[in-house]
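**Student:** output the structure for:
(one chain, ligands or ions: 1)
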Amino acid sequence: MSVEPLIRVRDLQLSLPDMARKPLFGPAPRIEILKGLSFDLPRGAITGIVGESGSGKTTAGRALVRLLQPTGGSITFKGQDITHLSEPSLKPLRRDLQMIFQDPMSSLNPRHTIGRIIANPMERYGVPNAKKRALETLERVGLPASFAGRFPHELSGGQRQRVGIARAVALDPAFILADEIVSGLDVSSQAQVLTLLQQLAQDMNLTIAFISHDLSVIRNVCSQVIVLNQGLIAEAGPCRQVFDAPQSPITQTLIDAIPLPEIDESWFDTVQV
Ligand SMILES: Nc1ncnc2c1ncn2[C@@H]1O[C@H](COP(=O)(O)OP(=O)(O)OP(=O)(O)O)[C@@H](O)[C@H]1O
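**Tutor:** Sure, this is the predicted structure:
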């Protein structure tokens, strides 16, 4: 018997009004952004969603957490069809569907302390001992509890991203959408944040959709990958399989774009041949 995935997506379609082409009178024509995506997000797995700019990654992610309303197909979460749920009906599910964004500086309230930023959502959901849990969660993401009294601008980019992760995991969600969360970080901070995310996913049995335009990042953290191209799935499968034997020219192009590791060319001059 196969295990039911946490999220099941079937023939997902989404169109939005194209305001750039709106006539003076009458409605704007619609632009088709997602043209029929079908995939599963297995429980406890990190699934990479990759593709060139404009391929529909962010739109697909926002549809998954129902920040956007699909125009066709279905999204099933824990066996429940959430495709057309109204905002009040979605409310009890919101705690389970968390997000981490690319730019933690703009997603963290600059006037709130780190402790408040992590405790606030817990208090909203009536989680007991929110302040104590906020301190514990800070330590869980590798930051000292004393950071609770600091403000976002007093942290480095990598530390701020850890706060973004802490705020999401403090709610003990089932699913996290991570949209380009390491794009703004230097390479060593990137590696640390990715290791943390993997560790948390394992410890907490989190299901994560990890959006990135960078296949090399996906390769390091994800067990399966979905390659998007112009609102369609170009290829999907276990990460290793997709990397080792890409079936789509789109995937091959993304693989070819991965920069080679830097080579110290002075080394060649010292080698005796
Ligand atoms: N609100 C909107 N109105 C009209 N078109 C939109 C809207 N949001 C996105 N689009 C278009 O939908 C397509 C997919 O956008 P999306 O942001 O999902 O792509 P992406 O793969 O995440 O790109 P990037 O890597 O650049 O963030 C793009 O062509 C974009 O211009």
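**Student:** I'd say residue 41 and residue 206 touch.
**Tutor:** No: taking C-beta atoms under 8 Å as the definition, residue 41 is not a contact partner of residue 206, at 10.9 Å. C-beta: built from backbone N, CA, C; applies to glycine.
**Student:** find the residues that touch each one of those two.
**Tutor:** residue 175 (C-beta atoms under 8 Å, 6 or more residues apart in numbering).
**Student:** who is the residue nearest the centre of the chain paired with across the strands?
**Tutor:** What sits nearest the mean C-alpha location of the chain, by C-alpha atoms, centre = their mean, is residue 178, with 1.7 Å. Taking DSSP bridges as the rule, residue 178 bridges to residue 100, residue 210.
**Student:** ranges for the strands of the stretch 151-273 of the chain?
**Tutor:** Residue ranges of the strands in the stretch 151-273 of the chain, as given by DSSP state E, counting those that start in this stretch, are 175-179, 207-212, 224-229, 232-238.
**Student:** let me fix that: the stretch 1-150 of the chain
**Tutor:** Assigned by DSSP E, counting those that start in this stretch, the stretch 1-150 of the chain shows strands spanning 7-17, 30-41, 46-51, 72-77, 80-81, 97-100.
**Student:** so where's the stretch 151-273 of the chain uncertain?
**Tutor:** 260-273 (pLDDT under 70).
**Student:** apply 80 and report the result again.
**Tutor:** 258-273 (pLDDT under 80).
**Student:** excluding its backbone neighbours, what's nearest residue 143?
**Tutor:** residue 162 (5.5 Å; C-beta to C-beta, 6 or more residues apart in numbering).
**Student:** no wait, residue 159
**Tutor:** Nearest residue to residue 159, sequence neighbours excluded (C-beta to C-beta, 6+ apart): residue 143, at 6.3 Å.
**Student:** residues touching that neighbour, list them.
**Tutor:** 114, 159, 162-163, 166.
**Student:** next up, the contacts around residue 134.
**Tutor:** By C-beta under 8 Å, 6+ apart, residue 134 lies in contact with 115, 118-119, 122, 148, 166, 170.
**Student:** now tabulate the strands of the stretch 151-273 of the chain in JSON lines and tack on distance to residue 135.
**Tutor:** Converted to JSON lines, the strands of the stretch 151-273 of the chain look like this (distance: least, C-beta to C-beta, whole Å):
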{"stretch": "strand 175-179", "distance to residue 135": "21"}
{"stretch": "strand 207-212", "distance to residue 135": "24"}
{"stretch": "strand 224-229", "distance to residue 135": "35"}
{"stretch": "strand 232-238", "distance to residue 135": "38"}
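**Student:** make TSV out of those and add distance to the ligand.
**Tutor:** Below are the strands of the stretch 151-273 of the chain laid out as TSV (distance: least, C-beta to the nearest ligand atom, whole Å):
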stretch	distance to the ligand
strand 175-179	8
strand 207-212	7
strand 224-229	7
strand 232-238	12
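**Student:** residue 18: which of those strands is closest?
**Tutor:** For those, proximity to residue 18 was assessed by C-beta to C-beta; strand 232-238 is nearest, at 18.7 Å.
**Student:** quick check: buried residues in the closest one?
**Tutor:** 233-237 (16 or more other C-beta atoms under 10 Å).
**Student:** then stretch 77-96?
**Tutor:** The neighbour-count check on stretch 77-96 (16+ other C-beta under 10 Å) flags 77, 82-83, 85, 93-96 as buried.
**Student:** can you add pLDDT and distance to residue 218 and give these back as a markdown table?
**Tutor:** Below are those laid out as a markdown table (pLDDT from 0 to 100; distance: C-beta to C-beta, whole Å):
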| residue | pLDDT | distance to residue 218 |
| --- | --- | --- |
| 77 | 97 | 23 |
| 82 | 97 | 26 |
| 83 | 97 | 27 |
| 85 | 95 | 30 |
| 93 | 94 | 27 |
| 94 | 94 | 27 |
| 95 | 95 | 27 |
| 96 | 96 | 24 |
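**Student:** tell me which two of the residues you listed sit farthest apart.
**Tutor:** Farthest pair in the buried residues of stretch 77-96, by C-beta to C-beta: 83 and 95, 19.5 Å.
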